[in-house]
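**Q** Just need the structure, nothing else, for what follows:
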Amino acid sequence: MEILNIFRGDKEKQAIYFKELVNYRMPFGKYKGMFIKELPVSYLEWFSSKGFPHGKLGDFLQTMYVIKTNGLEKILSDIIKFTSPMK
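**A** Next up is the predicted model:
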């Protein structure tokens, strides 16, 4: 899976994926309840070395790993800004 080429060309699916990514919480473990976007890089690196879980959680963790280890955190703030409810 090419993480940052998710749904290549389908902007609507990309928007839905990344909106869910920034609002998804860790369902178990030491960081249970924490937003995945707030997980420490060391935890994401641990998953990278041990293997990401299957399914949506694994996809989100892997995406966040790529974002954080490549210094792309700014896109997270942009996603949050553009997906926040309009006031």
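**Q** Tell me which other helices or strands the longest helix seen in the chain touches.
**A** In terms of residue count, the longest helix belonging to the chain (DSSP state H) is helix 55-69. Counting contacts by 3 or more C-beta pairs under 8 Å, 6 or more residues apart in numbering; DSSP states H and E, helix 55-69 is packed against helix 11-23, helix 41-50, helix 73-83. In short, each C-beta sits where N, CA and C put it, glycine included.
**Q** and the longest one, average pLDDT?
**A** Model confidence over helix 11-23 averages 87 on the pLDDT scale.
**Q** And for the second one?
**A** Confidence over helix 41-50, taken as the mean pLDDT, stands at 96.
**Q** roughly how far out does it sit from the chain middle?
**A** Its chain's C-alpha centre and that of helix 41-50 lie 13 Å apart, by C-alpha atoms, centre = their mean, to the nearest Å.
**Q** same question, stretch 53-70
**A** Stretch 53-70 sits 5 Å away from the centroid of its parent chain (C-alpha atoms, centre = their mean).
**Q** got the buried residues for that stretch?
**A** Residues of stretch 53-70 classed as buried by neighbour count (16 or more other C-beta atoms under 10 Å): 57, 59-65, 67-68.
**Q** and those residues as TSV, adding pLDDT?
**A** As requested, these are arranged in TSV below (pLDDT from 0 to 100):
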residue	pLDDT
L57	96
D59	93
F60	95
L61	96
Q62	94
T63	93
M64	94
Y65	95
I67	92
K68	93
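**Q** Just list the residues touching K32, thanks.
**A** With C-beta atoms under 8 Å, 6 or more residues apart in numbering as the criterion, the residues that contact K32 are 25-26.
**Q** Name the nearest residue to Y43, ignoring sequence neighbours.
**A** Leaving aside its chain neighbours, Y43 sits nearest to Y31 (6.4 Å; criterion: C-beta to C-beta, 6 or more residues apart in numbering).
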